[in-house]
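K.L.:
Okay, here's the prediction I keep looking at, along with the sequence it came from:
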Amino acid sequence: MTDRLSTAHTYLLSAPALTRLRAFLDEAFDGDFADEDFEHGLGGIHAWIEDGRGIAAHGSVVMRRVRHAGHAYRTGYVEAVAVRADRRRQGLGGRVMVELEKVIAGAYDLGALSASDEGASLYAARGWRLWRGRIEAMGPEGVVHLPDEEDSTFLLPGGRPLPEPAAGPLQFDWRDGDLL
């Protein structure tokens, strides 16, 4: 069987398909994929590759609001990007990102993601830019500084020019679990 690339909105995925996706992500992240992490990847567009063994690669893009310098950006936030261990370094992550980047270009003001150390080179090679400014989240009790995210947040132009760090912090909307 050859690799098959698919895309679909979460609402089109059946309960068994979501169960298979969750199992894949748990395995791909060596068990370090919390319920909140899975939740963060739902509600948007998924791109995945299947081979004869099942899901080989996956990523999704969901909408988030990001404020910067008095403007609210409709942001395509990339989540749950993973490649099965036996298929890594074969270009599958890049193929998934091509599909997610098409969604960002067509539907959002900009793209954003928080990269692991292992994934940062993939995103940088694809034209994603490391944010060199302050990162915050708008929480229930006010603005929260997220210094740990300041070395791992990448942006990609969508329908508007990218924000400039000198003009102020990026403020992401609040969510349960990891904020970015």
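P.N.:
It's in. Numbers count the residues shown, from 1 in each chain.

K.L.:
Low-confidence ranges, the protein, go.
P.N.:
Where the chain drops to pLDDT under 70, the residues are 1.

K.L.:
can you tell me which strand in it is longest?
P.N.:
Across the chain, the strand with the greatest residue count (assigned by DSSP state E) is strand 54-68.

K.L.:
what's that one packed up against?
P.N.:
helix 15-28, strand 45-51, strand 71-83, helix 92-107, strand 110-114, strand 170-173 (3 or more CB pairs under 8 Å, 6 or more residues apart in numbering; DSSP states H and E). Heads up, the C-betas are built off the backbone N, CA and C, glycines and all.

K.L.:
Kindly recompute the last result at 7 Å.
P.N.:
helix 15-28, strand 45-51, strand 71-83, helix 92-107, strand 170-173 (3 or more CB pairs under 7 Å, 6 or more residues apart in numbering; DSSP states H and E).

K.L.:
Enumerate every residue touching the residue nearest the centre of the chain.
P.N.:
Closest to where the C-alpha atoms of the chain average out (CA atoms, centre = their mean) is residue 78, at 1.6 Å. Neighbouring residues of residue 78 by CB atoms under 7 Å, 6 or more residues apart in numbering: 59, 61, 100, 111, 113.

K.L.:
sorry, back to before: the longest strand of the chain relative to strand 110-114, how many degrees between them?
P.N.:
Counting by axes from the mean of the first three to the mean of the last three CA atoms, to 10 degrees, strand 54-68 points 110 degrees away from the direction of strand 110-114.
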